[in-house]
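A.B. asks: only geometry, no sequence info:
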Ligand SMILES: NC(=O)c1ccc[n+]([C@@H]2O[C@H](COP(=O)([O-])OP(=O)(O)OC[C@H]3O[C@@H](n4cnc5c(N)ncnc54)[C@H](O)[C@@H]3O)[C@@H](O)[C@H]2O)c1
């Protein structure tokens, strides 16, 4: 048995798993309540995205999918989804997503004849959305058998789950893990937890796994911990840190979704507003560019002189938060740090100031300090709280300090296409790598593959790449087919990671 884990999945087995999940799901009695929550992605999933909402659930049926006997049109009952009858609608959602995921479709076409994943059994745990479905179906088109579970019931597009279950194949993972006495399909799994859970509970299964592809920040972190402790017994690919993925998730995605998240929650007009952005890294740069373009007056806080200087060069004033906090209309954190906005800052904000976080987790704004007896919390909209001070001053806190864009807006399909293509290539590489190429360690996707992901997306823009002449290639010391930059090109954070192999898999030019 060979499997590629964590992204290791057979066809979609959508979980509302155990009793607690059911209770959690049932806590929200109205359709509207569930819908708004389906837009909200939990902290376990802050580094990957759902394009969110399941708009299609018109059923009032509160019965847990686990208690329903359902059968698809092929007579299979080996799935667990909310309502198999939504399959047709889900199929249309998948078709819409495919339109902006042409790189995956092109990968399907280029590699279909060879079936580079033939015989691979892949188990996965991700958000179940139309975009994930395009990835899963690509892996199947390339020869894999897949079995999937949802990592978050609120981000699950139930109609998409139904569409996948409608086309799904047999449940080999259920068999595999049940043979091990397992309850794999009875657990709620967060994405980063899947690997850990199989590792702990089914060490013998884990040893048979060919490799792991991990996309979440936390999951990658855990893998490095396992590796450091000498406990990682299979190779793992860290796709979170691939250059293309990072650029799109952090810079370009945030450049669009900061505006979307703020507009949806507050209906704010940006022109002339005083905004402070804490952190001028990739996310901060994206946010600032968008806000400036709409006429906001943006200033920056930074701890790193290089990023601070970049902000100056880009025309932003670099300030200390305490110097400007009284004048600000909007405060945005994107540092990945903790307590960047403290209770003291919150006390000094002016009436109506909006505070939100675009960085990792919910640690950047000290929201806990606002849960004190003298302050009143008023929920005015989904994900929007007014915190009222004794003198009547109100501060608007969005998504309780969790990531604004993941909680309150959607992520463009194109961004997800980049991530999904990266994951598909990582799986192909791990599965096809000759014995010994990968040890029991965590690897980055090689630069050449990163470049390939980008090149698969270029036709969308009718972009025409310039080719190096022989003379130029020699002069620059480059191979004409790439890689065109050194591995450390994006940022220092990548230097410490191991960088390896150039795949000789034939989809590469
Ligand atoms: N919202 C999203 O969609 C999304 C997408 C990708 C990443 N993220 C998260 O956003 C965070 C930032 O990501 P990035 O790629 O921009 O990282 P980055 O490291 O490029 O930038 C963070 C910046 O914050 C600065 N900083 C740290 N502590 C600070 C402080 N106390 N005050 C002011 N500046 C400070 C750092 O010097 C750095 O320049 C990370 O936590 C990341 O996980 C969010």
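C.D. replies: In hand now; what should we look at? Small disclaimer: the values here were computed from a predicted structure and weren't measured.
A.B. asks: Now do residue 204: how many residues are near it, please.
C.D. replies: 7 (other C-beta atoms under 10 Å). Glycine gets a C-beta too; all of them are placed from N, C-alpha and C.
A.B. asks: Correct me if wrong, but it is in a strand.
C.D. replies: No: using DSSP: H, G, I helix; E, B strand; the rest coil, the assignment for residue 204 is helix, not a strand.
A.B. asks: measure it to residue 198 for me?
C.D. replies: 10 Å (C-beta to C-beta, to the nearest Å).
A.B. asks: anything in the helix or strand that contains residue 406 near the ligand?
C.D. replies: Following DSSP states H and E, one finds residue 406 within helix 404-408. Yes: residues of helix 404-408 contacting the ligand under C-beta under 6 Å from any ligand atom: 405-406.
A.B. asks: who's in contact with the closest residue to the ligand within the stretch 251-400 of the chain?
C.D. replies: Residue nearest to the ligand within the stretch 251-400 of the chain (C-beta to the nearest ligand atom): residue 281, separated by 1.7 Å. Going by C-beta atoms under 8 Å, 6 or more residues apart in numbering, residue 281 touches 250, 307, 334-336.
A.B. asks: Show the buried residues in these.
C.D. replies: The neighbour count (16 or more other C-beta atoms under 10 Å) marks 250, 307, 334-335 as buried among these.
A.B. asks: what residue ranges in the stretch 101-250 of the chain are flagged as low confidence?
C.D. replies: By pLDDT under 70, the weakly predicted segments of the stretch 101-250 of the chain are 154, 169-194.
A.B. asks: let me redo that: the stretch 351-500 of the chain
C.D. replies: Looking at the stretch 351-500 of the chain by pLDDT under 70, you get 490-500.
A.B. asks: So which bits of it are right by the ligand?
C.D. replies: Residues of the stretch 351-500 of the chain lying near the ligand (C-beta under 6 Å from any ligand atom): 358-360, 403, 405-406.
A.B. asks: Please enumerate the strands of the stretch 201-350 of the chain.
C.D. replies: 209-214, 236-238, 274-278, 297-301, 317-318, 330-333 (DSSP state E, counting those that start in this stretch).
A.B. asks: who does the first one touch, helix- and strand-wise?
C.D. replies: Meaning strand 209-214. With contacts taken as 3 or more C-beta pairs under 8 Å, 6 or more residues apart in numbering; DSSP states H and E, strand 209-214 sits against strand 3-5, helix 191-201, helix 217-228, strand 236-238, helix 413-432.
A.B. asks: Redo those as CSV? Include mean neighbour count and distance to residue 71.
C.D. replies: CSV is the format used below for those (neighbours: other C-beta atoms under 10 Å; distance: least, C-beta to C-beta, whole Å):
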stretch, mean neighbour count, distance to residue 71
strand 3-5, 28, 27
helix 191-201, 21, 27
helix 217-228, 19, 34
strand 236-238, 27, 37
helix 413-432, 25, 30
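A.B. asks: quick one on the thing from earlier: in JSON lines: the strands of the stretch 201-350 of the chain, plus distance to residue 410.
C.D. replies: Shown next, in JSON lines, are the strands of the stretch 201-350 of the chain (distance: least, C-beta to C-beta, whole Å):
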{"stretch": "strand 209-214", "distance to residue 410": "24"}
{"stretch": "strand 236-238", "distance to residue 410": "26"}
{"stretch": "strand 274-278", "distance to residue 410": "22"}
{"stretch": "strand 297-301", "distance to residue 410": "24"}
{"stretch": "strand 317-318", "distance to residue 410": "32"}
{"stretch": "strand 330-333", "distance to residue 410": "19"}
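A.B. asks: any chance of the ones you listed in CSV, plus distance to the ligand?
C.D. replies: Formatted as CSV, the strands of the stretch 201-350 of the chain follow (distance: least, C-beta to the nearest ligand atom, whole Å):
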stretch, distance to the ligand
strand 209-214, 15
strand 236-238, 14
strand 274-278, 5
strand 297-301, 4
strand 317-318, 10
strand 330-333, 8
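A.B. asks: so which of those strands comes closest to residue 267?
C.D. replies: Ranking the strands of the stretch 201-350 of the chain by their distance to residue 267 (criterion: C-beta to C-beta) puts strand 330-333 first, at 13.0 Å.
A.B. asks: and residue 88, what is it in contact with?
C.D. replies: Residue 88 touches residue 163, counting by C-beta under 8 Å, 6+ apart.
A.B. asks: any idea how far the ligand is from it?
C.D. replies: 32 Å (C-beta to the nearest ligand atom, to the nearest Å).
A.B. asks: How much space separates that residue from residue 278?
C.D. replies: 46 Å.
A.B. asks: now residue 420
C.D. replies: On the measure of C-beta to C-beta, residue 420 and residue 278 end up 31 Å apart.
A.B. asks: same question, residue 415
C.D. replies: 23 Å.
A.B. asks: swap in residue 219?
C.D. replies: On the measure of C-beta to C-beta, residue 219 and residue 278 end up 26 Å apart.
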